[in-house]
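Colleague: here are the coordinates; sequence isn't available:
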């Protein structure tokens, strides 16, 4: 299992991780495809996570989820973690996972690694928190 703070954008990667779902946005429908953006976190970082189809109805805030073979890449100009076609998500519990809300890995600017243009490295932080799911004050 990898911590969310250690994920890096790539067109295809195999991310195996566990997180808690903190917040869920509204369900959108485009060309008969349902999706919703969520905010998830583990004890090291937070990230935006994309749910598709039936997943939007099944998963709720407070659910602890295992992701296997996930992808961290751009989806409609947003950097999101998602299961993709080969990945799998599974609810494994509720409410009992320590987490932090910063940094938000989706709110970091990434750029090509000068030593290896096929890899990305962290650039500036756009926002330490999610701009889509602002913290409750």
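Modeller: Structure's in. What do you need? Being a predicted model, the structure only gives us computed values, none of them experimental.
Colleague: what is the burial count for the residue lying closest to residue 99 once chain neighbours are set aside?
Modeller: Nearest-residue entry for residue 99: residue 41, 3.9 Å, with adjacent residues in sequence omitted and distances by CB to CB, 6 or more residues apart in numbering. For the C-beta atoms, the positions are set from N, CA and C on the backbone; glycine is no exception. When neighbours are counted by other CB atoms under 10 Å, residue 41 registers 24.
Colleague: on contacts alone, who are the packing partners of the longest strand along the chain?
Modeller: Longest strand of the chain, by residue count under DSSP state E: strand 63-75. If contacts are counted by 3 or more CB pairs under 8 Å, 6 or more residues apart in numbering; DSSP states H and E, strand 63-75 sits against strand 15-24, strand 78-82, strand 88-94.
Colleague: okay, the angle between that strand and strand 88-94?
Modeller: Here the directions of strand 63-75 and strand 88-94 differ by 150 degrees (axes from the mean of the first three to the mean of the last three CA atoms, to 10 degrees).
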